[in-house]
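J.: Using only what follows, build the 3D model:
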Amino acid sequence: MSVELTGEQLKLAETQLTRYLPRSLQVYSVLVLRNRVRSDPIKVYVDRWPEFSIIVCKPQYEQKGDLFKDMTVFANDEAILEEIIRKSSVIDWTRYLCLAMNLHHMEIFKAVASEKDVPSQNVAVCHMMILEDISQLPAIDSSGISLSSLDESHLDLVNQTWKFGKDEVAVRMIRNMIANFPSCCVVDAERKPVSWILTYATCAMGMLYTLPEHRGKGYAKVLISTLAKRLHAQGYPVYCFIEEENLVSYRLFKNQGFTEDPSYREVWSVINNF
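T.: Sure, this is the predicted structure:
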């Protein structure tokens with residue numbers, strides 16, 4: 001990658017990515033947050049400027065917990081993408097990396113990893129579900145439900161119930177999410193969260209979870225609707241990623257008015273997995 005974007009270039013890149021929505025949505029959303037919210041630093045690279053074919057958002061790795069930070073990629077030229085993956089110093093093949101991109105591009109990445117004799121593994125293939133019209137949210141009765149936002153005292157609870165958490169490695173990422181991005185939770189009479197949803201650094205809604213003893217009460221629908229309205233009011237895209245095998249969540253978000261491009265999948269792949 002030859003150009004690192006700074007300042008006004010980042011804002012212009014955000015605007016340019018709107019041409020390629022929804023397929024550019026994840027990288028676009030990273031820039032939306034990067035240009036508006038203080039959070040962990042990222043570096044943004046393009047193959048050329050101002051007209052670019054490839055854009056990479058690269059998080060800064062400083063501590064062990066940063067392993068959960070994803071490098072996000074948008075490409076509209078696979079030949080240039082392959083050259084960058086093969087030759088660019090943006091990808092450090094000597095260390096752990098989690099890369100998020102269009103599933104159609106992942107074969108290029110895996111082929112180069114194989115050539116370099118570096119282990120790679122897909123950890124998630126997801127539907128990208130988008131709420132294009134906030135008015136599509138169904139009316140929900142939330143009377144009697146107490147809502148709040150998560151704070152740092154809830155870190156361990158969220159970490160222990162997240163599929164990829166359960167140890168200290170994810171705590172740094174979840175702390176960043178709670179501190180910098182919108183979250184919503186249902187609390188009990190003692191003001192303890194019993195159901196919650198967060199916003200990732202890519203602006204995607206996620207980590208939706210309800211404690212088993214509180215399921216079947218409609219909390220997830222209330223949380224999705226509340227957070228979607230909050231994100232929309234702040235000018236953020238409203239979308240999420242649902243793993244292909246998670247049919248329950250897929251139906252839940254679809255029933256809330258979220259739609260997808262059936263031909264599109266986003267994939268997360270790791271190298272140097274350990």
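
J.: going forward, measure contacts between C-alpha atoms and count neighbours the same way
T.: Will do.

J.: Am I right that residue 9 falls within a strand?
T.: No. Using DSSP: H, G, I helix; E, B strand; the rest coil, the assignment for residue 9 is helix, not a strand.

J.: so where do the strands sit in the protein?
T.: 3-5, 42-46, 54-59, 71-75, 97-102, 120-130, 146-148, 184-187, 193-199, 205-210, 239-243, 266-271 (DSSP state E).

J.: Ok, which of these comes nearest residue 19?
T.: strand 71-75 (12.3 Å; CA to CA).

J.: from the middle of its chain, how far away would the closest one be?
T.: 12 Å (CA atoms, centre = their mean, to the nearest Å).

J.: re the thing from before, can I get the strands of the chain in TSV with distance to residue 219 and mean neighbour count?
T.: Below are the strands of the chain laid out as TSV (distance: least, CA to CA, whole Å; neighbours: other CA atoms under 10 Å):
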stretch	distance to residue 219	mean neighbour count
strand 3-5	41	16
strand 42-46	34	21
strand 54-59	33	22
strand 71-75	31	22
strand 97-102	30	22
strand 120-130	20	19
strand 146-148	10	16
strand 184-187	7	23
strand 193-199	7	23
strand 205-210	8	20
strand 239-243	17	22
strand 266-271	27	21
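
J.: Distance of the residue nearest to residue 224 when sequence neighbours are not counted relative to residue 34?
T.: Closest residue in space to residue 224, ignoring its immediate chain neighbours: residue 197 at 7.4 Å, by CA to CA, 6 or more residues apart in numbering. Applying CA to CA, to the nearest Å, the value for residue 197 to residue 34 is 21 Å.

J.: Poorly predicted segments of this structure, please.
T.: 1, 38-39, 61-68, 273-274 (pLDDT under 70).

J.: domain ranges for it?
T.: 3-127+265-271, 134-262 (the TED database).

J.: What's the end-to-end length of the last one?
T.: In this case it means domain 134-262. 21 Å.

J.: next one: it to chain centre, how far?
T.: With CA atoms, centre = their mean, you get 13 Å for domain 134-262.

J.: Same check on stretch 265-273?
T.: 13 Å.

J.: Can you add distance to residue 87 and give the strands of the chain back as TSV?
T.: Below are those laid out as TSV (distance: least, CA to CA, whole Å):
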stretch	distance to residue 87
strand 3-5	15
strand 42-46	14
strand 54-59	14
strand 71-75	16
strand 97-102	16
strand 120-130	18
strand 146-148	47
strand 184-187	42
strand 193-199	33
strand 205-210	34
strand 239-243	30
strand 266-271	16
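
J.: Out of those, which is closest to residue 167?
T.: Of all these, strand 205-210 comes closest under CA to CA, at 15.5 Å.

J.: I'd assumed residue 183 was in contact with residue 147.
T.: No. Counting by CA atoms under 8 Å, residue 147 stays clear of residue 183, with 10.4 Å between them.

J.: who touches the residue nearest the centre of the chain in this structure?
T.: The centroid of the chain falls nearest to residue 202 when counting by CA atoms, centre = their mean (4.0 Å). Contact analysis of residue 202 by CA atoms under 8 Å, 6 or more residues apart in numbering lists 26-27, 29-30, 33.

J.: The residues you listed in helices, which ones?
T.: 26-27, 29-30, 33 (DSSP state H).

J.: now the nearest residue to residue 241 once chain neighbours are set aside: how far from residue 263?
T.: Closest residue to residue 241 apart from its sequence neighbours, by CA to CA, 6+ apart: residue 128 at 4.7 Å. From residue 128 across to residue 263, the span is 10 Å (CA to CA).
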